[in-house]
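Visitor: Make a model of this:
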Amino acid sequence: MKKLLLISSVGGHLTQLMQLKPLMKEYDYHLITEKTEVTKPLREEHDNISYLVYGARNYPIRYVFKFSFNILKSIVLFLKIRPDVVITTGTHTAVPMCYIAKLFRKKVIYIESFAKTTSPTLSGRMVYPISDLFIVQWEAMLKHYPKAVYGGSIY
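Guide: Below is the predicted model of the structure:
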């Protein structure tokens with residue numbers, strides 16, 4: 001059975017990722033997000049969840065250290081989980097994991113944010129070149145990502 005690693009930052013990206021619950025019932029999966037008061041209760045529903053450090057980009061100096069720590073933790077988690085496929089809705093939290101997955105020749109599926117209707121996200125632009133499947137939720141986004149697949153709304 002394929003092993004999925006589902007990863008996203010907290011907030012709307014996680015809300016979108018949680019729309020993939022049907023996949024969680026069909027596959028062996030592991031969920032990774034940032035640890036906040038909002039995400040701690042997810043442990044009650046998901047035995048197989050790990051947390052990265054929450055790092056808001058509005059504090060640039062602190063963010064650099066937290067982001068660096070999350071890269072190292074992502075490597076450790078990847079080696080522990082050994083997924084076949086990484087699926088993400090973004091954002092900065094997930095980018096390193098996508099590159100780690102490609103380094104180990106695993107599949108990367110990126111779902112661009114529902115909130116982005118006319119311009120790409122930074123994480124989308126970073127992951128697009130290495131993704132095996134890149135899904136946009138708005139047809140207008142195909143002009144930014146010509147090799148993407150229009151999947152419609154995830155909601």
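
Visitor: Would you mind listing where this structure has pLDDT under the threshold?
Guide: Judged against pLDDT under 70, the chain has no low-scoring part.

Visitor: which helix is the longest one in it?
Guide: In the chain, assigned by DSSP state H, the helix with the most residues is helix 60-81.

Visitor: next SSE after that helix?
Guide: Counting by DSSP states H and E, the next helix or strand C-terminal to helix 60-81 is strand 85-90.

Visitor: centroid residue for this protein?
Guide: Nearest to the geometric centre of the chain sits residue 88, at 2.7 Å (C-alpha atoms, centre = their mean).

Visitor: pretty sure that residue is in contact with residue 111, am I right?
Guide: Yes: contact status for residue 88 versus residue 111: in contact at 7.1 Å, counting by C-beta atoms under 8 Å. Just so you know, the C-beta spots here come from the backbone N, C-alpha and C atoms, and that holds for glycine as well.

Visitor: who's in contact with the longest strand along the chain?
Guide: Ranked by residue count under DSSP state E, the longest strand found in the chain is strand 28-35. Applying C-beta atoms under 8 Å, 6 or more residues apart in numbering, the external contacts of strand 28-35 come out as 1-10, 14, 17, 23-24, 39, 42, 46, 48-55, 74, 77, 81, 83, 93, 97.

Visitor: Can you give the strand pairings for that strand, parallel or anti for each?
Guide: strand 3-8 (parallel), strand 49-53 (parallel) (DSSP bridges).

Visitor: So which bits of the helix or strand just after the longest one are buried?
Guide: The one in question is strand 3-8. Of the helices and strands lying after strand 3-8 in sequence (DSSP H and E), the nearest is helix 12-17. Neighbour-count burial for helix 12-17 flags 13-14, 16-17 (criterion: 16 or more other C-beta atoms under 10 Å).
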